[in-house]
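Return a 3D structure for these sequence lines:
(chains A, B, C and D)
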There are 2 protein chains.
Amino acid sequence: MCKGGTYDVAMTSMAPEERIGSHIKRAEQALLAAKNAACKPAAVTVPQYAALLWLAEKPGISAAALARLCGVTPPTMNTVLKNLQGRGLIERTPHEWHRNVLETRLTDEGRTVMERADAGAVRVERALAAAFTEEERTQLIELLGRCAEVLDAQR
Amino acid sequence: MCKGGTYDVAMTSMAPEERIGSHIKRAEQALLAAKNAACKPAAVTVPQYAALLWLAEKPGISAAALARLCGVTPPTMNTVLKNLQGRGLIERTPHEWHRNVLETRLTDEGRTVMERADAGAVRVERALAAAFTEEERTQLIELLGRCAEVLDAQR
DNA sequence: GAATGTATGTTAGAGCTCTAATATGTGCAA
DNA sequence: TTGCACATATTAGAGCTCTAACATACATTC
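Purely as a prediction, here's the structure:
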């Protein structure tokens, strides 16, 4: 049972396979790699695709609100939006009332690119979903939700 | 059932809540945030901690092998090791036979820092594990494993 | 009206991550 | 021996990510 490593895992630490976090990380890494490959034909990164997808559903949204939807900080979203704007996939215009807010919208090209990337991403999601029964899928989502809940509370 | 967004999700795409990937990502984000906070007293990042932990168990390992264990590319591990070496937490010496290989080892300070970070990380992992029954934990790990398998095959 | 609070936006800096390309060294095979 | 294959190491460049700090603008309260 005990490993033969120099650092005595059994006494003070925990083996990697026992760490639920290891398995979450591995799944996330595989997910990112698969989505990255799926987005490649559209020449966008996964974070860029995520932003474009939300922008399609919520035109004129603020960068801060978009950051919350995508689960990143405002400076991070700022970086992503800069790259998207530099490629002409989005445009940002000052809000009529709240002068400090910039409304962000897809350009026509941005919409085209998003739809192309989305096709790939959905293909990945469908393949993933197909690996589970309805019941398993429900349970997986429930268990993952509990993970997020507990971990957020830890902080 | 259908959302009122501009981009018609129902026809060509998929709602975020239906995407298993969304839930994996959320759990991983919460995990990273919790581990980050846990590693902060030791003043190391999560990737740095991961490298230190493996180094404790496998002294003299090559950077490439360490990269595989940590699930990152060699250039990424190179970046992490540079930072660790700059802080004097590891040392790298040429391999006796294979001149191209650098053997990497913890310094005394590196071991101390690792143990401090590990205490925090294990605390997070134990809290996470405590949120599930034995059966749930087993199933979660099995389901996550299937995710990784399917996603890797997609690529 | 002035102070406070809250939300948005941005910059700076450190660090992680990838792909692509290059160099070096080892071992095997024609 | 020469060439090929493979592993390791590194550099370059683009992009994502965070925390910290600061600036701006609106809204509420005193």
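
Next secondary structure after the helix or strand of chain A with the lowest mean pLDDT?
Between all helices and strands in chain A, the lowest mean by mean pLDDT, DSSP states H and E belongs to helix A:9-12, at a mean of 50. Past helix A:9-12, heading to the C-terminal end, the next element that is a helix or strand (DSSP states H and E) is helix A:20-39.

angle of that following helix against helix B:20-39?
Comparing the axes of helix A:20-39 and helix B:20-39 via axes from the mean of the first three to the mean of the last three CA atoms, to 10 degrees yields an angle of 130 degrees.

burial of residue A:133, as a residue count?
Neighbouring residues of residue A:133 were enumerated by other CB atoms under 10 Å in any protein chain shown; the total is 8. The C-beta positions use only the backbone N, C-alpha and C, and glycine is treated the same way.

That one and residue A:42: what is the separation?
Residue A:133 is 32 Å from residue A:42, where distance means CB to CB, to the nearest Å.

any weak-confidence spans in chain A?
Within chain A, the stretches falling below the threshold (pLDDT under 70) are A:1-12, A:155.

hey, where'd the helices end up in chain A?
With DSSP state H as the definition, chain A shows helices at residue ranges A:9-12, A:20-39, A:46-57, A:63-70, A:74-86, A:108-129, A:134-154.

In a markdown table, list those helices along with distance to DNA strand C.
Formatted as a markdown table, the entries for the helices of chain A read as follows, by distance: least, CB to the nearest atom of the strand, whole Å:
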| stretch | distance to DNA strand C |
| --- | --- |
| helix A:9-12 | 22 |
| helix A:20-39 | 7 |
| helix A:46-57 | 11 |
| helix A:63-70 | 3 |
| helix A:74-86 | 3 |
| helix A:108-129 | 15 |
| helix A:134-154 | 18 |
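
Dump the ones you listed into JSON lines; add mean neighbour count and distance to residue B:38 as well.
As requested, the helices of chain A are arranged in JSON lines below (neighbours: other CB atoms under 10 Å in any protein chain shown; distance: least, CB to CB, whole Å):
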{"stretch": "helix A:9-12", "mean neighbour count": "12", "distance to residue B:38": "15"}
{"stretch": "helix A:20-39", "mean neighbour count": "22", "distance to residue B:38": "11"}
{"stretch": "helix A:46-57", "mean neighbour count": "23", "distance to residue B:38": "25"}
{"stretch": "helix A:63-70", "mean neighbour count": "17", "distance to residue B:38": "24"}
{"stretch": "helix A:74-86", "mean neighbour count": "16", "distance to residue B:38": "22"}
{"stretch": "helix A:108-129", "mean neighbour count": "18", "distance to residue B:38": "30"}
{"stretch": "helix A:134-154", "mean neighbour count": "17", "distance to residue B:38": "8"}
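
Nearest to residue B:145, out of those helices?
helix A:20-39 (6.6 Å; CB to CB).

for that closest one, packing partners?
If contacts are counted by 3 or more CB pairs under 8 Å, 6 or more residues apart in numbering or on different chains; DSSP states H and E, helix A:20-39 sits against helix A:46-57, helix A:108-129, helix A:134-154, helix B:20-39, helix B:108-129, helix B:134-154.

Any part of the second one near chain B?
Yes - where contact is defined by CB under 8 Å from any CB of the partner chain, part of helix A:108-129 touches chain B, namely A:111, A:114, A:115, A:118, A:119, A:122, A:124, A:125, A:126, A:127, A:128, A:129.
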